[in-house]
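Engineer: task: produce atomic coordinates for the following.
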Amino acid sequence: NGSLQVWNLKSGEQIGDNWWDIESDVHTIALSPDGENLASGSKDGAVRLWNIDTGKVINKWTGHKGLVTSVCWHQDGLQVVSGSLNGTAWQWNVENRETLLALTETRHTRVEAVVYLPDTNMFVTAGFDESSTIGLRDCSVKVWDAMTGELVTTLKGHTDTVSCLTWGVELISRLADHWIRIWNTSTWEQIICLDEHSAGVNAIAVYDCILASTLHNKTAQLWNLDNGQPISSPIKHADAVSCVSFSADGQLVATGCHDHNVYAW
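Structural biologist: Below is the predicted model of the structure:
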């Protein structure tokens, strides 16, 4: 319904009322590393900064001309990067609320996902480009210098839209079909491809050497990234599972299901 909700994991009770952005529905969110603020991307193309204690918007960044698909915090908590359906990526300064970088030429028709690479001055964008001269959709992943906006490298191999990125020990990208690829960020070569999913993959999350993926077939799956093998049986849900996230200590994993519930495991 376009709102935000905060929940107590121990009791399963909602904390306070729904948070509403009166200007536009919220599409994507990311919690700051210190847990004090939250960044959201909305249908109107704006990125908003919320205070966790008050549930109020304390800043609004504008620049995107389409729905914001993805937001990500830098590990220092001082910067946020965002991607949009209009093929742009913007970087924002949390302290002074200014724009740090505007990538209006990302070589993506749509940016579906963004992620910072920890301990570097780089971030990654993914999506697809339909402007290829050979008439094929270009689904490559692109790595950018966060200081200059220069393209560092392009990761090729995906044959369908890349709609999710995450970071563990390595960079992990997820296609709109059954494939998850893991890239070495020193050589930028693919080192693992998880292709044993029985249905399309909706979302991925990682903690240490464990990857969680959610699927169209009403399940979530845990993977051992050291050997690329599944951990235990799939976790069954009542409907398709659209999103997943680990707790900060890695002891819990939360899944969002099309049955309108969030589950903690």
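Engineer: strands along the stretch 101-250 of the chain, start to end?
Structural biologist: Per DSSP state E, counting those that start in this stretch, the stretch 101-250 of the chain has strands spanning 110-117, 122-128, 141-145, 151-155, 162-167, 171-175, 180-183, 190-194, 201-207, 210-215, 219-224, 229-236, 241-246. These are given in chain order.
Engineer: lowest average confidence, helix or strand, in the chain?
Structural biologist: In the chain, no helix or strand scores lower on mean pLDDT, DSSP states H and E than strand 171-175, which sits at a mean of 66.
Engineer: thinking again about what came up before, of the strands of the stretch 101-250 of the chain, which is nearest residue 63?
Structural biologist: With Cβ to Cβ, the closest approach to residue 63 among the strands of the stretch 101-250 of the chain belongs to strand 110-117: 12.6 Å. Using the backbone N, CA and C atoms, a C-beta is placed for each residue, glycine as well.
Engineer: list the helices and strands the closest one packs on?
Structural biologist: In terms of contacts (3 or more Cβ pairs under 8 Å, 6 or more residues apart in numbering; DSSP states H and E), strand 110-117 is packed against strand 68-73, strand 79-84, strand 122-128, strand 162-167, strand 171-175.
Engineer: for those, which has the smallest mean pLDDT value?
Structural biologist: Mean pLDDT is lowest for strand 171-175 out of those, coming in at a mean of 66.
Engineer: tell me which of the strands of the stretch 101-250 of the chain lies nearest to residue 41.
Structural biologist: Proximity to residue 41 (Cβ to Cβ) singles out strand 110-117 among the strands of the stretch 101-250 of the chain, at 9.8 Å.
Engineer: point out where the stretch 151-265 of the chain drops to low pLDDT.
Structural biologist: 157-163, 167-170, 174-179, 195-200 (pLDDT under 70).
Engineer: kindly recompute the last result at 80.
Structural biologist: Flagging of the stretch 151-265 of the chain using pLDDT under 80 yields the residue ranges 156-164, 166-181, 183-186, 188, 190-202, 215-216.
Engineer: and the stretch 1-150 of the chain, by the same measure?
Structural biologist: Ranges of the stretch 1-150 of the chain meeting pLDDT under 80: 1-2, 21-22, 107, 109, 127-140.
Engineer: kindly recompute the last result at 70.
Structural biologist: In the stretch 1-150 of the chain, residues with pLDDT under 70: 130-139.
Engineer: as a markdown table, the strands of the stretch 101-250 of the chain with mean neighbour count and distance to residue 69 would be great.
Structural biologist: Output for the strands of the stretch 101-250 of the chain, formatted as a markdown table (neighbours: other Cβ atoms under 10 Å; distance: least, Cβ to Cβ, whole Å):
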| stretch | mean neighbour count | distance to residue 69 |
| --- | --- | --- |
| strand 110-117 | 24 | 5 |
| strand 122-128 | 25 | 8 |
| strand 141-145 | 21 | 15 |
| strand 151-155 | 16 | 19 |
| strand 162-167 | 23 | 8 |
| strand 171-175 | 24 | 14 |
| strand 180-183 | 21 | 19 |
| strand 190-194 | 16 | 23 |
| strand 201-207 | 21 | 13 |
| strand 210-215 | 24 | 17 |
| strand 219-224 | 20 | 22 |
| strand 229-236 | 12 | 26 |
| strand 241-246 | 20 | 13 |
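Engineer: got these as a markdown table, with distance to residue 29 columns?
Structural biologist: As requested, those are exported to a markdown table (distance: least, Cβ to Cβ, whole Å):
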| stretch | distance to residue 29 |
| --- | --- |
| strand 110-117 | 13 |
| strand 122-128 | 18 |
| strand 141-145 | 22 |
| strand 151-155 | 26 |
| strand 162-167 | 15 |
| strand 171-175 | 18 |
| strand 180-183 | 22 |
| strand 190-194 | 26 |
| strand 201-207 | 13 |
| strand 210-215 | 17 |
| strand 219-224 | 19 |
| strand 229-236 | 23 |
| strand 241-246 | 10 |
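Engineer: these: which one's closest to residue 38?
Structural biologist: strand 241-246 (13.0 Å).
Engineer: show me how far the closest one is from its chain's centre.
Structural biologist: Remark: strand 241-246 is offset 10 Å from the chain centroid, using Cα atoms, centre = their mean, to the nearest Å.
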